[in-house]
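Participant: Here's my sequence, what's the structure:
(chains A and B, ligands or ions: 1)
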Amino acid sequence: METEVEGLLRRLETLRDAFAEPPTAAFLTKLDEVAEFDPQWHALASAARSATTESLADEWMRLFEGPGRFPVVLFGSYYLDEEQLMGPSTLGVLDAYSRWGLEKSESTPADHLAYELGFLGFLSDRCETAESPEERERARRERDEFVTKYVANWVPAVAENMEAHSETAYFRELARLLRGEIAALTAS
Amino acid sequence: MKLTRRQFIGASATAAATYSFWGIGRYALAQSRSSAISDATPVDKVLREEKTFYTSDAFCASECGLKVTTLNGVISTIYGNVHVPYNAGTICAKGGSGKQVIYSPYRLKYPMIRVGARGEGKFRRASWSEAAAYIATRLEHIKKQYGPESVIMDGGDMTDQDPYWRLFYTYGTPNCAQHGAICDTPRRFGPQVIEGGMRIEPDLMRPVLVRQPDGSLKNDYSYANKMVIYVGWNPFVATRINYESRGTLAAKANGAKIVVVDPAFSNTAAQADWWLPIRPGTDADLFAAMLRYIISNNSPGDPERNYIDPTFLEYSIGWPAFEAAFRSWWNKTDPVNGLPYFSLEWTAQRTGLAASDIRELAHEFGSTKPAALVWGMNGTGHHFNGEVVSTIGTALNVITGNFDAPGGVIDTALVRSNKGGNNASDYIKANPAQRVVNGKTVTGTSWDLEMDNNGAWPAAFWGALGAYPKQFAEGVQIQYGPFAGYSYPIKAFVVRGGNPILSASTKDRWSEVVTAKDASGAYKTELMVCIDTAYLETGMYADVILPEASYFERMGLSDIYPSEPVMYLRQPVVEPLFEAKNQVEIMNLLAKALHDAGDPDIQAKDFWGKYHVQDDFWNEALLKAPGTTNVGKPLPYPHLPEGYKLLGTPDSLEAGRVQIDHTKQQVQGDPVTVDWLRAHNGVAVWPMAWYRQLAKSGGIIATKSGKMEFQFGEMEKINAFMAQSGGKTPYMLEKTGMSQFPTTFFWYETVWNPYTNSNYAKYRDEYPFQLISGRIHQSMSATQYVDWLGRISEEHLWMPLNDDKTYHPTVVDATGGRQVAGVHRLRAGAWSIAVIQMNAADGRHLGLQTGDVVRLRNPLGLETRGKVWLSELIRPGVLRVPPGAGNRMTPGMGQTYEYRNITPSSNKLLDPDLSSPITGMSSYNDMVVKVIKA
Ligand code: SF4
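Facilitator: You can find the predicted model right below:
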């Protein structure tokens, strides 16, 4: 049986990969596997199956990358710091990563949704697996604070915009799953 | 195969000992090598790090010196660098808003490859190696199939294009162009042929470093100017020669008289003592009248009319012939108004100015010393006959003794530091080439295949970009030189940091040629590449887009329009975001890909084996700095031989820490380096001097004869070159009635001007308005980058006439706690847009009110639409719009695009078949229109 935290990590990982780059064939295979275990993801996997990787990549570019302007920005500071990258909130996120000894791997601002989902995975893991109760408590506090300060206040807007601007079921479904996961983390 | 949940998790985590997905894959968060920061970490480790960098702007061609502060690797403040005399600590609103460019979420992030049709704007993400291989494969195919000359490299709007030129020259194409070709080449023509320079500016840069009588060097803040005349030049609002904005006011406060000649009451005019609202396209008429008046009324014994300073005869040649050619027009009668050329009455008729004002202007300019006559980019450089203007203008400054006089004019191109580097232009000029011409094998150099100078534009420089669409459509016909008779197609266009599809010629013409297909359905121009930080119109037509590091993330050298040699560093202030790369990295990457694709001309030793980091490239460029000669009054370095070429840092030259080579007449101090600049507030400043053209030992004049040439040696050379190949007259020159390039005083009329050119007189009634453009520094492409600059209104050209609009559906409320995924609302009147400035009386006559939408239609049937702004501040019969600010097609980063259907584009109405006959510049400001209420 998958434990609760394993399920959470699996969902966060899949979401992170879904927002990291235009859907690749490898990712879509993995998505099928996820959907095997989790009925919540059936709709996304079947939306992916009924589209081509090219059409999903097209839609990805139109929604998230452009070029030029596009309707859904995946960086927190855009929402929290006057529509710009690398705002004070980005530095806050970076500080949070370094408090846990983590470094980002690319020259992309630290508050990209994919990084934040990865970090939430890391903290969720620490909440359960850190050796000392203090450390587990520290991770829990960090996660609550991180969700409140840097996630819950903008990620639902991403989901909403995706739903408003997507022309494919895949990205609307992805938005729904993202919203659900963040809502659950916020509630916890 | 079906997995269990456990197996699935295990399979996902193959790279990690435990299930830690965050540490692997894209967007991995890995355990840092430095230890984690915690509450127990010493306070000095967690404090944020603040750094200061001296660098230079590249948000406009002025390239002001900047002082930028970063906090934890993020830009926090942008100020001017007080040590750079060009801007002396000042910057404009645009410069101060650079964060909005680099930190825009809409900047280009990854290499991309086109998936839709050209112009459609549909791309997919690609890796650098895939994009580089894509480009290299096609370039190699083109090279083999058509020859490397079929590739054009346009280095764009910034002066740090050398790495790209180096790559493409070495690849073998002689066709490397730059944005200057569509900036103001006609304005530079006169200075170029007469003194070998380009850019005449008033002596207003302060402070300048001046050698004192006691031998010390001191910053001089004084202004010697008594009169500055700006003709079609608006330094307060158009492209900034930054010191002109503050210097003009300082000189005025010091008693100088400021005159502005412009159809519109510009911001510069608002600060002037005298505004002359001239009819568009008649600057040459005014200058010719001034010259005639000065020559006719010069009286050396009369202090009131001692206009001409005969000293110029000592350092010039050909004046008597020039004067005679000029005088030969005086008795001719103009077919349009029946009056003798250049007389006060003739000029008054054509310019719409009072004859008494013209006389007074000529007299005051002639009798006031020092005085400066300065002509501008839009006002003169963008007219078909801008070459006539700049030639007479240069002559006026020279004969009145104002050239390089304190308070007079300085040709900044002649006195600036050299940053020549090694862009491989020497290589391409010597590289042997063979082509079969009319069945015979001919040998020459790659340079002999250069498309403009050996083709339809023998006297153009930097590429006749405005005429490129014709060459894309018809191919290049080599008419002169060893390969005369050879032709080749344009097969690739690589554009970096410019936007020629919007700005050179008309967008429609460009779109036509770059989307043209052959019978098999393939694009005739096989490869279009765009290298930039922002996505502009040219990018829409690219096959490959490469994200270039922004000007805060890359290196370069700046030395724009100075009065004394100055060199300052553009240095990376922050790491490039996303996958953007600097020019040297892109050069090396493309070079390696070409090498791998089998290009024998591209070798490691010239690229990646030589320039390991960008410092290497720019250090090589700095070896030539300053490269000026030790001349003028006061002598910059009295302890060094006069007339010798100076190389090296200011401190080593000052200390005499030099090697003197008497054979080469050269003084070599410690070479200037990137590190030296970093250690010296980012800038090297060498001493100022005046009268640098007088030095017997070799002054600053850069003509072949070493003298001011009123008999244009450069043009004689080109004529002789053409004659060797049969002397066919270039097609555009032919339109002026000249069969050869002028070698002394010359005259031709501008186009589409019913008031001065009899060919167009018939349009006068039906098309009663002359359409001109007025540059607005913070609009044009800038509002495509910087949203908030759009809110600043300017000069009745860029005004808050926006419609109520909702946009950007991604906004949270002010608390940041609740999502308002609704819409951002822009109320009418909250944001400025490009408008059509119209005289209020004209508006009343047409029954128009400010804000009414109209269509402008020209005799070619081309149209644009926009809202009118009725204004008292423009000459009746003239309409003015800001260039590049309306009818945009790429969304850009601001709101300009939202208003594309109600904003005008003057470029849409230019005549794409006409370019200035000598330099090939688009005639942006020559058109007549009628106004149709929409
Ligand atoms: S004038 Fe140009 S270079 Fe100078 S600060 Fe303004 S935008 Fe930057």
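Participant: C-alpha only now, for contacts and for neighbours.
Facilitator: Will do.
Participant: Ramachandran angles for whatever residue of the stretch 201-350 of chain B ends up closest to the ligand?
Facilitator: The minimum distance from the stretch 201-350 of chain B to the ligand, using Cα to the nearest ligand atom, falls at B:Arg240 (4.7 Å). When quoted as degrees, to the nearest 10, the phi and psi of B:Arg240 stand at phi -80, psi 120.
Participant: Now do the contacts for it.
Facilitator: By Cα atoms under 8 Å, 6 or more residues apart in numbering or on different chains, the contact list for B:Arg240 reads B:Ser62, B:His777.
Participant: which residues does B:Ala348 contact?
Facilitator: With Cα under 8 Å, 6+ apart, B:Ala348 has these contacts: B:Ala354, B:Ala355, B:Ile358.
Participant: Mind pulling up the pLDDT for the closest residue to chain B within chain A?
Facilitator: When distances are taken as Cα to the nearest Cα, chain A approaches chain B most closely through A:Gly101, which lies 3.7 Å from it. Looking at A:Gly101, its pLDDT reads 90.
Participant: Please list all residues in contact with B:Asp184.
Facilitator: With Cα under 8 Å, 6+ apart, B:Asp184 has these contacts: B:Met377, B:Asn378, B:Gly381, B:His382, B:Met921.
Participant: Please repeat the previous calculation with a cut-off of 7 Å.
Facilitator: By Cα atoms under 7 Å, 6 or more residues apart in numbering or on different chains, B:Asp184 lies in contact with B:Met377, B:Gly381, B:His382.
Participant: Using a markdown table, please lay out those residues together with distance to chain A.
Facilitator: What follows is the contacts of B:Asp184, written out as a markdown table (distance: Cα to the nearest Cα, whole Å):
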| residue | distance to chain A |
| --- | --- |
| B:Met377 | 30 |
| B:Gly381 | 32 |
| B:His382 | 30 |
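Participant: of those residues, closest to the ligand?
Facilitator: B:Met377 (15.3 Å).
Participant: Next up, the contacts around the closest one.
Facilitator: Contact partners of B:Met377, counting by Cα under 7 Å, 6+ apart, are B:Asp184, B:Arg187, B:Trp233.
Participant: rerun at 10 Å
Facilitator: By Cα atoms under 10 Å, 6 or more residues apart in numbering or on different chains, the contact list for B:Met377 reads B:183-188, B:231-234, B:238-239, B:383, B:386, B:774-775.
Participant: And B:Pro335, by the same measure?
Facilitator: When contacts are counted by Cα under 10 Å, 6+ apart, B:Pro335 touches B:Tyr341, B:Thr756, B:Asn757, B:Ser758.
Participant: for A:Val5, same thing?
Facilitator: By Cα under 10 Å, 6+ apart, A:Val5 lies in contact with A:Arg11, A:Gly121, A:Ser124, A:Asp125, A:Cys127, A:Glu128, A:Thr129.
Participant: my read: the last one touches A:Gly121, true?
Facilitator: Which is A:Thr129. No: in this structure, A:Thr129 sits apart from A:Gly121 without contact. The criterion is Cα atoms under 10 Å, and the distance is 11.9 Å.
Participant: between the two, who's got more neighbours?
Facilitator: The neighbour comparison of A:Thr129 against A:Gly121 (other Cα atoms under 10 Å in any protein chain shown) goes to A:Gly121, with 25 against 13.
Participant: Wait, a helix at the more buried one?
Facilitator: Yes: checked against DSSP: H, G, I helix; E, B strand; the rest coil, A:Gly121 lies within a helix.
Participant: Could you find the closest non-adjacent residue to it?
Facilitator: Leaving aside its chain neighbours, A:Gly121 sits nearest to A:Leu9 (5.5 Å; criterion: Cα to Cα, 6 or more residues apart in numbering or on different chains).
Participant: quick one: pLDDT of that neighbour?
Facilitator: Here, the pLDDT recorded for A:Leu9 equals 95.
Participant: Wait, a helix at it?
Facilitator: Yes: when three-state DSSP is applied, A:Leu9 is found to be in a helix.
Participant: Return the distance of it relative to A:Phe119.
Facilitator: Between A:Leu9 and A:Phe119 the distance is 11 Å, computed by Cα to Cα, to the nearest Å.
Participant: list the residues that contact both of the two?
Facilitator: Residues touching both A:Leu9 and A:Phe119 comprise A:Asp125, B:Phe21, B:Trp22, with contact defined as Cα under 10 Å, 6+ apart.
Participant: what is the mean pLDDT for stretch A:165-175?
Facilitator: Model confidence over stretch A:165-175, given as mean pLDDT, is 95.
Participant: And the residue of the stretch 201-350 of chain B closest to the ligand, what's its pLDDT?
Facilitator: Looking at B:Arg240 specifically, the model assigns a pLDDT of 76.
Participant: Return the residue of chain A that is most distant from the centre.
Facilitator: A:Ser132 (27.8 Å; Cα atoms, centre = their mean).
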